[in-house]
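Enquirer: Got a predicted structure plus its sequence, pasted below:
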Amino acid sequence: MMLDTEFVRAQFPAFAEPSLNEQAFFENAGGSYTCAAVVDRLMRFYTQRKVQPYAPYAASALGGAEMDEARSRLAALLGVDTDELSFGPSTTQNTYVLAQAFGQMLAPGEAIVVTNQDHEANTGPWRRLADRGIEIREWRVDPETGHLDPDDLEDILDENVRLVCFPHCSNVVGEINPVIEITALAHAAGAYVCVDGVSYAPHGFVDVGSLGPDIYLFSAYKTYGPHQGLMVIRRTLAELLPNQGHHFNGGTLYKRFTPAGPDHAQIAACAGMADYLDTLHAHHVGGDASPVGRGAAVHNLMRGHETNLLQQLLGAIKDRNSVRLIGPFDAWLRAPTVALALARPGVEVAEDLAEHGIMAGGGDFYASRTLGAMGVDPNAGVLRLSFTHYTSQAEMDQLLTALDAVL
């Protein structure tokens, strides 16, 4: 079954926006366009429900119900219990709060494994725990390919490791890491697992329950929604970690790691992401299916379309001697986030592409540790071309023509 890109694009107001006409968007790894279902819910909340939620009067009760709906529907798509899903202002903030909780729970001498493949948001907060006497061990990428080898992880796991943190896929390497295998290795060593799903989730929500990590984080503003961070913490770990919220919220699982007041409107609007996935499922597949089943079907549709476009892009750059691809050339092994190291700074090439109607980015993308480990000057950075399932064949053709002109 093929993804109906015309139908998909009709769900996004940006594609009907005159100011964006003839502009092809290839910086989706920095944030996606927002689907109409989210925009509609956000507008409704701000115009009809912008009051303190959960009070007995109608506007308040409806606002609280919409917030609860968002949590329950998204948790069901992710294959976890409703109260195992928390919302926060960003994934960066959620990770910082988690690091504070682990810092209180762990004893000096106990260890956390991080990688140098991570975005800084999922490595910096953990690394700073070294100031509390916690040992930080680095699982390192292959300097040529950027690959994280699970065998190398086995070599640094022992009885002192309490947590292993790694990305589902890197925001510059793009290779999809084997979450199930890595999680099994860590759990066998007695460690918890924290997966940064920010760069993978835009390409389809995953069944976190089946993947097995104890923590899975991603950002709604990269999955067609508002600027919120979504954080799954499985019950056993969530009840063990020290409460980071108000003392009177310590008994409510999804409030334990939200020290600031929630953004009512944006949380409610997150239900629009579930609306959107359900709309795609109804249009392409139809029939009854569990939330996880609907999510899996839509995930596969997205990946099929993206992989077809991605292989075209990878093929176009494969024989260019002046271009170094960060990560694998096999489209099935990676997400459609393509970082290219060039003879000049990535931001300069992005500026040239903008003259051809290509919206792309250049820089280190908070992955300076990864680039440095692979011999790429973080100051020069890379050109990053990232897209998602709503990208059309015409936009890919526009990009390939622009790259011919610029490179």
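Expert: Sure, I can see it.
Enquirer: Kindly confirm my reading that Val113 is in a strand.
Expert: Yes. Val113: assigned to a strand according to DSSP: H, G, I helix; E, B strand; the rest coil.
Enquirer: Now do the helices in the stretch 251-400 of the chain.
Expert: 264-269, 271-284, 291-317, 346-354, 368-373, 393-406 (DSSP state H, counting those that start in this stretch).
Enquirer: The longest one - contacts with which helices or strands?
Expert: In other words, helix 291-317. Taking 3 or more C-beta pairs under 8 Å, 6 or more residues apart in numbering; DSSP states H and E as the contact definition, the neighbouring helices and strands of helix 291-317 are helix 58-78, helix 271-284, strand 337-341, helix 393-406. For every residue, glycine as well, the C-beta is placed using N, CA and C.
Enquirer: Now with 7 Å, please.
Expert: Taking 3 or more C-beta pairs under 7 Å, 6 or more residues apart in numbering; DSSP states H and E as contact, the helices and strands that helix 291-317 lies on are helix 58-78, helix 271-284, helix 393-406.
Enquirer: For Leu301, which of those is the nearest?
Expert: In this view, the helices and strands packed on helix 291-317 are compared for proximity to Leu301 by C-beta to C-beta, and helix 271-284 is the closest at 5.9 Å.
Enquirer: Please compute how far that closest one lies from its chain's middle.
Expert: Put simply, helix 271-284 sits 19 Å off its chain's centre (C-alpha atoms, centre = their mean, to the nearest Å).
Enquirer: So which bits of stretch 207-215 are buried?
Expert: Neighbour-count burial for stretch 207-215 flags 207-209, 211-215 (criterion: 16 or more other C-beta atoms under 10 Å).
Enquirer: no, scratch that, I was asking about stretch 186-206
Expert: Within stretch 186-206, the residues that qualify as buried by neighbour count (16+ other C-beta under 10 Å) are 186, 189, 191-206.
Enquirer: Then stretch 256-265?
Expert: By neighbour count on 16+ other C-beta under 10 Å, the buried set for stretch 256-265 is 256-258, 262-265.
Enquirer: of all those, which comes closest to Asn160?
Expert: Distances from those to Asn160 were compared by C-beta to C-beta; the smallest belongs to Phe257, at 24.6 Å.
Enquirer: which residues touch that closest one?
Expert: Phe257 makes contacts with 86, 97-98, 101, 231, 233, 244-245, as judged by C-beta atoms under 7 Å, 6 or more residues apart in numbering.
Enquirer: mind redoing it with 8 Å?
Expert: Residues touching Phe257, when contacts are defined by C-beta atoms under 8 Å, 6 or more residues apart in numbering, comprise 86, 88, 94, 97-98, 101, 231, 233, 238, 241, 244-245.
Enquirer: Likewise for His356?
Expert: Applying C-beta under 8 Å, 6+ apart, one finds that His356 lies in contact with 398, 401-402, 405-406.
Enquirer: Of the residues you listed, which is the most crowded?
Expert: Neighbours here are counted as other C-beta atoms under 10 Å. On that basis the top member of the contacts of His356 is Ala402, with 20 neighbours.
Enquirer: Can you give me the distance of that residue to Asp278?
Expert: Using C-beta to C-beta, to the nearest Å, one obtains 35 Å as the distance from Ala402 to Asp278.
Enquirer: circling back to that earlier point, deepest in the core, which of the helices of the stretch 251-400 of the chain is it.
Expert: helix 264-269 (a mean of 24; mean count of other C-beta atoms under 10 Å).
Enquirer: rewinding a little: is it possible to get TSV of the contacts of Phe257 that adds pLDDT?
Expert: What follows is those, written out as TSV (pLDDT from 0 to 100):
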residue	pLDDT
Ser86	96
Gly88	96
Asn94	96
Val97	97
Leu98	97
Ala101	97
Met231	97
Ile233	98
Ala238	97
Leu241	98
Gln244	96
Gly245	94
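Enquirer: In three-state terms, label His227 for me.
Expert: For His227, the assignment made with three-state DSSP gives coil.
Enquirer: does it really touch Gln266, like I thought?
Expert: Yes. In this structure, His227 sits in contact with Gln266. The criterion is C-beta atoms under 8 Å, and the distance is 6.6 Å.
Enquirer: Mind listing the shared neighbours of the two?
Expert: Overlap between the neighbourhoods of His227 and Gln266 consists of Ala220, taking contacts as C-beta under 8 Å, 6+ apart.
Enquirer: that older thread, from the contacts of His356, pick the one nearest Gly146.
Expert: Val406 (23.8 Å).
Enquirer: The closest residue to the closest one other than its chain neighbours and Gln312: what is the separation?
Expert: Using C-beta to C-beta, 6 or more residues apart in numbering and skipping residues adjacent in sequence, the residue nearest Val406 is Asp352, 4.6 Å away. Taken as C-beta to C-beta, the spacing of Asp352 relative to Gln312 amounts to 21 Å.
Enquirer: and what of Val292?
Expert: Counting by C-beta to C-beta, the gap between Val292 and Gln312 amounts to 31 Å.
Enquirer: Next up, the contacts around Leu163.
Expert: Contacts were defined as C-beta under 8 Å, 6+ apart; by that measure Leu163 touches 102, 106, 112-113, 126, 191-194.
Enquirer: so can I have a markdown table of the residues you listed showing distance to Leu74 and pLDDT?
Expert: Shown next, in a markdown table, are the contacts of Leu163 (distance: C-beta to C-beta, whole Å; pLDDT from 0 to 100):
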| residue | distance to Leu74 | pLDDT |
| --- | --- | --- |
| Phe102 | 24 | 98 |
| Leu106 | 30 | 97 |
| Ile112 | 28 | 98 |
| Val113 | 28 | 98 |
| Trp126 | 25 | 98 |
| Ala191 | 27 | 98 |
| Tyr192 | 22 | 98 |
| Val193 | 21 | 98 |
| Cys194 | 19 | 98 |
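Enquirer: Since that was my last question, I'll sign off now.
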